[in-house]
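In: for reference, the sequence and a predicted model appear below.
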Amino acid sequence: MKKRNLYILSALAGLTLMTASCSDDFLDQKPKGNYTAETFYASDKAVQKGVEPLYNKAWFDFNRRALIGMGSYRANDAWNPYVSAEFARFQVTAQTEDMGLAWSALYNVVTMSNATLLNIQNHCGPEVTETAKHAAEGECYLMRGWAYFYLLRGWGDNVLFEDNQTMVDNPVRPLNPESDVLKFIVRDFRKAESLLPERGSDHHPSRYAAKAALAKALLAQSGWNASAKGDHSRDEAVLKEVVALCDEVINSGQYTLLPEYEDLFKAQNNDNSETILAMRWADANLGSSDGWGAVNATYSDLAFPEVTDVNVWGGSLVASTDMIDLYNEEPADSFRVRGTFFTPSRHYSYLLQSDGGYTYKHNWMQLKKGILGTKADAGGHLAQMASPLNTYIQRLADVYLIKAEALLGNSEQTTNPEALAAINAVRSRAKVAPYTSLTFDKLMRERRIEFCMEYSNWWDMVTWYRWKPQTMLDFFNNRQHRANEMREGDILRNSDGTFSYRCVPPGVNTWYISNPDNGNVYWNDHIATSETDNTPVAGKGTNVPYTYDYNTLVNSYVTGFQPIVLSEANIFMPYPESDVIQNHYLNEAPQAYDFGE
């Protein structure tokens, strides 16, 4: 098994001169001739090109597969029993390859950011303007901050460093505590905010991308306490700054919510008005030989053969029962459902366009988000393991929900008009009724539906866990149900827009329930008389209350049920084994970082 070690990543500093093709004006050409750091940064354009590998190559092994498992499977958005299932089952070990690749990739972002910063500060030619220099430096701080933000929420304590040479000289270094990692992240985002321009250009970010990132990091910092065993309060002063930052981003005039949710995930809308920051991938036409390492390689894991003409294998990636329950609570929220999962009888005019569109004819809920159809549907920019779609790091809907959460603050409930306006901006786009009051449960539910299968929900859950550990452990272990296998024929759409489903719970290897009435079949809302009973529940309709309790039913009727239990021991992932072997500090208590203050 291939393993990576963060301590060899300083050698990747040379990658800062690498570019690839992505669009007409971003990563559009490789530099001609032989360059060194001393000769490359000769113009504003060269400086701008020098930071562009930070948008794809640096993140590649994080995005390629691990990000799906870490950001979405662990949040219980969906799951695939054949690809990265250990993330959904919380069975990640120090030897899990995708976990190790993600760790290395994120430190790759840190290393490349450090190297590029050093090159810009030391090697810019006399024709490079201060504006271009500052903008590039701001991008490096922004990307390094995001890399550490993922590392913090993935592993907790981490190794902080700003100088690659110090890592080469002394690679065996202690961990730094979560609080210092978060302080470092906030500092990086503040530096980025001070350096980035008022308006970005050629898909490079403005200072408002740093303000949005800072708002998210400060929201985490307002309640983050690694030693707390119980729920506690967030810092109200920090929450006020979060709200102010969100208002600056929202009122900047640089971003708007797309009118249609589904449009966020179409190839033709790849760079849209809602994007604040994204990983931007090379053109799929480069293919695996020229573009590998700079392309979005997720497509073959996500799509299934029926909806595309490129080689894919992701047909078993389906909605979790947990997400289906959320959708069932508000059947009117159909636009976000159809934008995220295929559901029975849904028609998509922009997929398989040469055939008149695609109608999903299965009784299942396979992944839709990220599926572009055929090469022709994607304008030719699609290949095996090479999708043109950006990977969102942050979009405007996130800022609206950050503002709503900050205004909810430590209250159980609020009718604050600004908080309601923020969350209802997102709900209005989804064409669902506005909230008249806001609670944490509503906020959490809204986030889960809005960002389902965008590889981000778990990171927010970790932030909440460090603020409300009791609440979140109860949520994880008593309100969610995880890793339940569903197959073709397991979904029925009811007349009121809800879904009936059946599934095989963890630890059960049969469709039949082991009870005295052997032969019954478990559905989410009733016990059927046979495995072929596909009759919706009698009397269900728009005006009929519909409740169900999965855990009670499973525990009552299924022997051998083995629930997945989350705790402090598995919410954060282990450090890769190869790094632990070489660095004894990874098994020891963290030490304070020297901020030079």
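Out: Perfect, thanks for sending it.

In: send me stretch 228-243 as CSV with only the CA atoms.
Out: Taking C-alpha atoms only, stretch 228-243 is exported to CSV below (Å, rounded to 0.1, in the frame of the first residue of the first chain):
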residue,chain,number,x,y,z
ALA,A,228,-15.3,20.9,27.2
LYS,A,229,-17.4,17.8,27.9
GLY,A,230,-20.7,19.7,27.9
ASP,A,231,-22.5,22.3,25.7
HIS,A,232,-21.3,25.8,26.4
SER,A,233,-21.8,29.4,25.1
ARG,A,234,-20.3,31.1,22.2
ASP,A,235,-18.5,34.4,22.5
GLU,A,236,-21.0,37.1,21.7
ALA,A,237,-18.4,39.7,20.7
VAL,A,238,-17.0,37.3,18.1
LEU,A,239,-20.5,36.5,16.8
LYS,A,240,-21.0,40.3,16.2
GLU,A,241,-17.9,40.4,14.1
VAL,A,242,-19.1,37.4,12.2
VAL,A,243,-22.4,39.1,11.4
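
In: give me the residues contacting that stretch.
Out: 215, 218-219, 221-223, 225, 402-403, 406-407, 409-410, 418, 466-471 (Cβ atoms under 8 Å, 6 or more residues apart in numbering). Every residue, glycine included, has its C-beta placed from N, CA and C.

In: one more: stretch 585-597?
Out: 157, 160, 172-178, 180-181, 183-184, 187, 575, 579-580.

In: can you check stretch 99-107 too?
Out: 3-6, 9, 58-67, 70, 92, 147-148, 150-151, 154-155, 573-579.

In: ok, stretch 182-198 next?
Out: 131, 134-135, 137-139, 141-142, 144-145, 148-149, 152, 160, 176, 205-207, 209-211, 213-214, 217-218, 220-221, 224, 593, 595.

In: try it again with 7 Å
Out: Stretch 182-198 has contacts (Cβ atoms under 7 Å, 6 or more residues apart in numbering) with 131, 134-135, 137-138, 141-142, 144-145, 148-149, 152, 160, 205-207, 209-211, 213-214, 217-218, 220-221, 224, 593.

In: which among the contacts of stretch 585-597 count as buried?
Out: 157, 160, 173-178, 180-181, 183-184, 575, 579 (16 or more other Cβ atoms under 10 Å).

In: and these, which two are the farthest apart?
Out: Pairwise distances across these peak at 23.1 Å for K183 and D579 (criterion: Cβ to Cβ).

In: which residues touch K45?
Out: Per Cβ under 7 Å, 6+ apart, neighbours of K45: none.

In: roughly how far apart are it and A404?
Out: K45 sits 40 Å away from A404, taking Cβ to Cβ, to the nearest Å as the criterion.

In: and R487, by the same measure?
Out: 38 Å.

In: compare these two (neighbour count), which wins?
Out: Between R487 and A404, counted using other Cβ atoms under 10 Å, the more crowded position is A404 (28 against 14).

In: pLDDT score assigned to that one?
Out: Note for A404: predicted pLDDT of 98.

In: let's number from 7 now, not from 1
Out: Taking 7 as the first residue, the last one we looked at is A410.

In: which elements pack onto the host helix or strand of it?
Out: Per DSSP states H and E, A410 falls inside helix 402-414. Judged by 3 or more Cβ pairs under 7 Å, 6 or more residues apart in numbering; DSSP states H and E, helix 402-414 is in contact with helix 213-227, helix 242-256, helix 423-435, helix 446-456.

In: go again with 8 Å.
Out: helix 213-227, helix 242-256, strand 281-285, helix 423-435, strand 444-445, helix 446-456 (3 or more Cβ pairs under 8 Å, 6 or more residues apart in numbering; DSSP states H and E).

In: that helix to helix 242-256, inter-axis angle?
Out: Angle, helix 402-414 to helix 242-256, by axes from the mean of the first three to the mean of the last three Cα atoms, to 10 degrees: 150 degrees.

In: pLDDT averaged over the very next helix or strand once past helix 402-414, what's the number?
Out: Per DSSP H and E, the first helix or strand lying C-terminal to helix 402-414 is strand 419-420. The pLDDT scores in strand 419-420 average 98.

In: adjacent strands (with direction) for strand 419-420?
Out: strand 444-445 (antiparallel) (DSSP bridges).

In: and for M371, the neighbour number?
Out: For M371, using other Cβ under 10 Å, the count is 28.

In: what residues of stretch 70-88 count as buried?
Out: Those would be 70-86, for stretch 70-88 by 16+ other Cβ under 10 Å.

In: who's in contact with the closest residue to E574 other than its chain neighbours?
Out: Spatial nearest neighbour of E574, chain neighbours left out: P475 (7.9 Å); criterion: Cβ to Cβ, 6 or more residues apart in numbering. By Cβ under 8 Å, 6+ apart, the residues touching P475 are 234-237, 574.

In: distance check, P475 against C252.
Out: With Cβ to Cβ as the criterion, P475 and C252 are 26 Å apart.

In: please apply the same query to K217.
Out: K217 is 8 Å from C252, by Cβ to Cβ.

In: more neighbours, those two?
Out: Taking other Cβ under 10 Å, K217 and C252 do not tie; C252 has more neighbours (27 against 24).

In: does G320 sit in a helix, a strand or a coil?
Out: coil (DSSP: H, G, I helix; E, B strand; the rest coil).

In: now, of the contacts of stretch 105-113, which are buried?
Out: 10-12, 15, 64-73, 76, 98, 153-154, 156-157, 160-161, 579-585.

In: ok so, going back, out of the helices and strands packed on helix 402-414, which is the most enclosed?
Out: Of all those, helix 213-227 has the most neighbours on average by mean count of other Cβ atoms under 10 Å, namely a mean of 26.

In: please save the CA atoms from it in CSV.
Out: Output of helix 213-227 as CSV, limited to C-alpha atoms (Å, rounded to 0.1, in the frame of the first residue of the first chain):
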residue,chain,number,x,y,z
ARG,A,213,-10.9,40.5,-0.3
TYR,A,214,-14.5,39.4,0.2
ALA,A,215,-13.5,35.8,-0.3
ALA,A,216,-11.2,36.3,2.7
LYS,A,217,-14.0,38.0,4.7
ALA,A,218,-16.3,35.1,4.0
ALA,A,219,-13.6,32.6,5.1
LEU,A,220,-12.9,34.7,8.2
ALA,A,221,-16.6,34.8,9.1
LYS,A,222,-16.7,31.0,9.0
ALA,A,223,-13.5,30.5,11.0
LEU,A,224,-14.5,33.1,13.6
LEU,A,225,-17.9,31.4,13.9
ALA,A,226,-16.0,28.2,14.7
GLN,A,227,-13.7,30.0,17.1
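
In: the inter-axis angle of it versus strand 281-285?
Out: Using the same axes, to 10 degrees, helix 213-227 lies at 80 degrees relative to strand 281-285.

In: so what does helix 213-227 touch, helix or strand wise?
Out: For helix 213-227, the packing partners by 3+ Cβ pairs under 8 Å, 6+ apart are helix 136-161, helix 184-201, helix 242-256, strand 281-285, strand 397-401, helix 402-414, helix 463-473.

In: rebuild these as CSV, extending it with distance to E594.
Out: Output for those, formatted as CSV (distance: least, Cβ to Cβ, whole Å):
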stretch, distance to E594
helix 136-161, 15
helix 184-201, 15
helix 242-256, 30
strand 281-285, 33
strand 397-401, 32
helix 402-414, 35
helix 463-473, 21
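
In: ok so, going back, got the angle for the helix holding A410 vs helix 446-456?
Out: Using the same axes, to 10 degrees: helix 402-414 against helix 446-456 is 170 degrees.

In: assess the claim that M492 and T327 are in contact.
Out: Yes: at 7.2 Å, M492 counts as touching T327 under the criterion of Cβ atoms under 8 Å.

In: joint contacts of these two?
Out: Contacts common to M492 and T327, judged by Cβ under 8 Å, 6+ apart, are 507, 509.

In: more neighbours, the two?
Out: T327 (25 against 22).

In: ok, the residue nearest to the more buried one when sequence neighbours are not counted - how many residues close by?
Out: Spatial nearest neighbour of T327, excluding adjacent residues (Cβ to Cβ, 6+ apart): N490 at 4.9 Å. Using other Cβ under 10 Å, N490 has 23 neighbouring residues.
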